[in-house]
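Trainee: Sequence and predicted structure below; questions after.
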Amino acid sequence: MSDVFITSTGSFLPNKAISNDEMEDYLGRIHGKDSRAKNRVLNQNGIKTRYYAIDKDQRSTHSNAQLAVGAVNNAIQKSSLRTTDVELLCTGTTQADLPIPGFASMVHAGLDFNRCEVANFQSVCASGIMALKNAYAQIKCDEKENAVCVGSELASRLFKASRFEAQGVKDLPFNAEFLRWMLSDGAGAFVLQNKKNENGISLKIDWIDLKSHANEFPVCMYTGKTDNKNEEERTWLDYPSYEEASKAGAINLQQDTRLLDKVIKTGVAHYFDLIDQGKINTSEIDWLCCHYSSEMFKDPIKELMLKGGGEIADNKWFSNLTSKGNTGSASIFIMLDELMHSGSLKPGNKILCMVPESGRFITSFMQLTVVGNSDTTTKRYPLRKIESPELVINNTETSEWLIRNLTQVWIDFESALLKVPVLAKIQDGTLSLSDYKLLLTDLRQQVIDGSQWISRAASNIDIELFELRSAFIKHTAAEHKDYQMLERNYVALGEDLEVIQNGEKNIGTVSLTSFMFQQASKPNPIDLLGSMFIIEGIGKRLAGYWGKMIKDQLNLKDEQVSFFTYHGVADENHFHNLEEALNHPEMNMIVAEKIVKTAKITAKLYTMQLNELGNY
């Protein structure tokens with residue numbers, strides 16, 4: 001049995017925050033009239049701002065799946081887990097974009113994941129906890145090593161004024177209108193792994209406990225029927241047509257507000273059951289993340305806890321309901337994402353999460369323990385202006401064209417590099433030691449081939465082009481030393497030399513080196529000067545910059561990062577060799593165009609190599 005850790009959290013809240021005064025501008029006024037219930041409901045729930053995935057014309061700006069994808073990408077970006085390594089995707093939502101297929105499939109389709117297992121949970125607020133419990137159980141029993149969980153909601157489009165106007169209603173029943181001012185849109189996601197983060201904190205999942213009370217209570221929050229009194233009542237699919245179901249109000253989302261106090265009592269009763277079982281020790285709880293739909297429910301919950309002897313001090317309660325809104329199944333994810341990055345958590349802290357659901361009464365609890373090092377702070381480094389390494393060559397019409405076009409190739413290349421996950425982590429200060437070791441391992445396989453394709457290219461250059469052949473040979477000598485330096489860095493990290501020497505080329509490296517050898521085997525492969533521009537440009541402009549950031553955030557020694565820092569100095573001289581070659585008197589537009597094309601291809605393949613770290 002493995003421990004299970006939440007190693008990263010993320011959220012996605014669409015568009016801008018919407019104030020109370022703006023709500024009807026987005027949801028629409030039914031028959032042009034302001035709501036009479038709005039202020040009453042808002043005064044009770046205490047929500048000040050929320051987010052909608054619709055605009056003021058009630059047109060959707062996102063799908064529910066897109067909200068979920070945004071949250072997952074946000075969590076993955078902060079994680080050491082690569083998208084291609086995700087083994088399980090679990091989703092929870094109240095209502096997906098499509099009745100068929102499942103929501104998890106639609107979210108998976110929008111992500112840069114490989115084939116993986118998916119699990120789909122549809123309920124109301126507790127569906128996110130259901131998804132989380134599934135992922136937790138699979139990692140706990142060693143079925144999986146990692147998983148991604150997401151809770152996502154897009155409630156706003158259910159409440160468009162046009163929907164109710166089409167039903168011919170003059171005034172909405174309170175059970176339907178109540179939820180218009182309660183629910184909003186958003187998504188939150190967790191990365192779960194069987195090991196904690198190398199740097200910073202993780203949240204160890206101690207346990208998750210979920211109970212359905214549907215055998216005891218009638219439906220409370222529902223859509224698909226017109227009331228909750230008659231268990232035998234036909235549902236929306238039993239009407240002769242969808243139009244008739246709609247006109248009857250059978251597809252409106254409704255809530256029987258008279259039952260809400262029972263949800264509170266049922267949730268607190270479950271809380272005391274867990275205390276009796278020894279799962280909860282109130283004296284150990286440092287934070288309580290309680291998902292309640294309205295601020296008015298907080299005091300009754302606290303009062304019941306106090307009466308039973310299980311009070312948790314008010315300063316330990318954490319909620320972002322007032323600023324983020326009630327996002328149903330996503331709420332606990334969005335809440336923990338904010339708490340995780342608040343700087344308030346300390347190793348050893350215990351977090352109790354409470355998520356009740358009013359659909360037909362589900363109560364759920366989860367306990368987390370903060371582990372790791374809270375003193376390890378991530379340092380986001382300022383982005384430098386993107387600019388091409390300067391080429392100093394003779395001023396001719398051809399050289400001017402060549403410099404302009406190589407400059408644009410470089411700008412496109414460096415812009416693309418900013419989106420590469422491992423480089424984004426370096427820039428964000430979130431690189432882990434294992435990330436760095438993987439980077440060294442995969443780069444070594446490409447670097448060791450470098451001197452070989454350059455040597456081959458030199459041997460295929462005619463003696464009449466002696467200066468060009470000389471430039472390639474000088475480059476070969478430099479490349480030959482590079483892989484040895486890289487290996488020494490790897491060993492200085494405490495790793496076995498044989499591991500990196502026996503490493504496999506990732507699929508990007510295979511593509512890059514295959515192209516290089518193919519070009520180098522052609523007669524007079526002068527176009528490879530374009531490749532040298534990209535590779536030497538990385539050394540001159542980027543390698544030393546990356547090396548300083550890596551050394552700083554991982555607290556490494558010079559001998560552990562010298563492969564990068566050396567190039568920041570040495571490649572200045574290498575670049576002069578390239579400039580001499582580009583100044584050759586045989587340079588003409590035909591050759592220049594080939595050089596630019598080869599530079600473009602090399603830039604694309606080098607980016608691919610870094611994107612495919614670990615993908616063999």
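Mentor: Here it is on my side, so go on.
Trainee: show me the contacts for Glu243.
Mentor: Not one residue lies near Glu243 by C-beta atoms under 8 Å, 6 or more residues apart in numbering. For every residue, glycine as well, the C-beta is placed using N, CA and C.
Trainee: what about 10 Å?
Mentor: Taking C-beta atoms under 10 Å, 6 or more residues apart in numbering as the definition of contact, the neighbours of Glu243 are Ala166.
Trainee: Just read off the phi/psi values of it.
Mentor: Here the main-chain torsion angles of Glu243 (degrees, to the nearest 10) amount to phi -60, psi -40.
Trainee: try the one 4 residues further on
Mentor: Backbone torsions of Lys247, given as degrees, to the nearest 10, read phi -60, psi -30.
Trainee: that's a helix at Thr7, yeah?
Mentor: No - the assignment for Thr7 by DSSP: H, G, I helix; E, B strand; the rest coil gives strand, which leaves it out of any helix.
Trainee: Touching, it and Leu203? I think so.
Mentor: Yes - counting by C-beta atoms under 10 Å, a contact exists between Thr7 and Leu203, whose distance comes to 8.1 Å.
Trainee: where does the closest residue to Lys505 other than its chain neighbours land on pLDDT?
Mentor: When the adjacent residues along the chain are set aside, Lys505 lies closest to Gln445, with 4.5 Å between them (C-beta to C-beta, 6 or more residues apart in numbering). Gln445 is assigned a predicted lDDT (pLDDT) of 91.
Trainee: sorry, back to before: which one of Thr7 and Leu203 is surrounded by more residues?
Mentor: Higher neighbour count among Thr7 and Leu203: Leu203, with 28 against 25, using other C-beta atoms under 10 Å.
Trainee: So what pairs up with the more buried one in the strands?
Mentor: Residues in a beta bridge with Leu203, per DSSP bridges, are Ile6, Val370.
Trainee: same question, the one 5 residues further on
Mentor: For Ile208, the beta-bridge partners are Met366 (DSSP bridges).
Trainee: which ones are touching it?
Mentor: Remark: with contacts taken as C-beta under 10 Å, 6+ apart, Ile208 is in contact with 4, 129-130, 132-137, 140, 353, 364-368.
Trainee: Then Phe297?
Mentor: 44-46, 260-261, 263-264, 267, 290, 321, 356.
Trainee: Mark which of those are buried, thanks.
Mentor: Buried by 16 or more other C-beta atoms under 10 Å: 45, 260, 263-264, 267, 290, 321, 356, out of those.
Trainee: can you put those residues in JSON lines and add distance to Asn555?
Mentor: As requested, these are arranged in JSON lines below (distance: C-beta to C-beta, whole Å):
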{"residue": "Asn45", "distance to Asn555": "47"}
{"residue": "Leu260", "distance to Asn555": "52"}
{"residue": "Val263", "distance to Asn555": "50"}
{"residue": "Ile264", "distance to Asn555": "49"}
{"residue": "Gly267", "distance to Asn555": "45"}
{"residue": "Cys290", "distance to Asn555": "38"}
{"residue": "Leu321", "distance to Asn555": "39"}
{"residue": "Pro356", "distance to Asn555": "44"}
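Trainee: So of the residues you listed, which two are at opposite extremes in space?
Mentor: Distance extremes for the buried ones among the contacts of Phe297: the farthest pair is Asn45 and Gly267 at 17.4 Å, using C-beta to C-beta.
Trainee: picking up where we left off before, in CSV: the contacts of Phe297, plus distance to Gln408, pLDDT and secondary structure.
Mentor: Putting these into CSV (distance: C-beta to C-beta, whole Å; pLDDT from 0 to 100; DSSP: H, G, I helix; E, B strand; the rest coil) gives the following:
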residue, distance to Gln408, pLDDT, secondary structure
Gln44, 58, 91, helix
Asn45, 54, 93, helix
Gly46, 53, 94, coil
Leu260, 61, 91, helix
Asp261, 66, 90, helix
Val263, 61, 91, helix
Ile264, 63, 91, helix
Gly267, 60, 94, helix
Cys290, 54, 96, strand
Leu321, 49, 96, helix
Pro356, 57, 96, strand
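Trainee: Quick check: closest non-adjacent residue to Gln560.
Mentor: Ala492 is the one closest to Gln560 (C-beta to C-beta, 6+ apart), at 4.6 Å.
Trainee: what's the neighbour count on that neighbour?
Mentor: Close neighbours of Ala492, defined as other C-beta under 10 Å, add up to 15.
Trainee: just the one 10 residues further on next, same as before
Mentor: Using other C-beta under 10 Å, Asn502 has 9 neighbouring residues.
Trainee: Contacts only, for it.
Mentor: With contact taken as C-beta under 10 Å, 6+ apart, Asn502 is in contact with 441, 496.
Trainee: Let me see the confidence value for the residue lying farthest from the centre of the chain.
Mentor: For the chain, the C-alpha lying farthest from the average C-alpha position belongs to Glu464; by C-alpha atoms, centre = their mean, that distance is 54.8 Å. You'll see Glu464 listed with a pLDDT of 70.
Trainee: That one in helix, strand or coil?
Mentor: helix.
Trainee: Please report how far it lies from Thr509.
Mentor: Summarising the geometry, the distance separating Glu464 from Thr509, computed by C-beta to C-beta, to the nearest Å, is 34 Å.
Trainee: same check, this time on Lys425
Mentor: For Lys425 relative to Thr509 (C-beta to C-beta), the value is 19 Å.
Trainee: try Val86
Mentor: 22 Å.
Trainee: Those two: which is more packed in?
Mentor: Regarding Val86 and Thr509, a neighbour count based on other C-beta under 10 Å identifies Thr509 as having more, with 27 against 24.
Trainee: OK, contacts around the more buried one?
Mentor: Each residue near Thr509 by C-beta under 10 Å, 6+ apart is listed here: 442-447, 449, 503, 605-606, 608-610, 612-613, 615-616.
Trainee: Is it correct that it falls within a strand?
Mentor: No - Thr509: not assigned to a strand; according to three-state DSSP it is helix.
Trainee: just how off-centre is stretch 545-557 within its chain?
Mentor: Relative to the chain's own centre, stretch 545-557 is displaced by 24 Å; criterion: C-alpha atoms, centre = their mean, to the nearest Å.
Trainee: Identify each buried residue in it, please.
Mentor: For stretch 545-557, burial by neighbour count (16+ other C-beta under 10 Å) applies to 545-551, 553-554, 556.
Trainee: so which of these comes closest to Asp238?
Mentor: Top of the list for closeness to Asp238, among the buried residues of stretch 545-557 and by C-beta to C-beta, is Gln553 at 60.5 Å.
Trainee: Can you give me the distance of the nearest residue to that closest one once chain neighbours are set aside to Lys379?
Mentor: Setting aside the residues directly before and after it, Gln553 is nearest to Gly429 in space (C-beta to C-beta, 6+ apart), at 4.9 Å. Applying C-beta to C-beta, the value for Gly429 to Lys379 is 4 Å.
Trainee: Tell me which of the two has more neighbours.
Mentor: In terms of neighbours (other C-beta under 10 Å), Gly429 is the more surrounded of Gly429 and Lys379; the figures are 17 against 10.
Trainee: just checking, the more buried one touches Asp552?
Mentor: Yes - in this structure Gly429 lies within contact range of Asp552 using C-beta under 10 Å: 8.3 Å.
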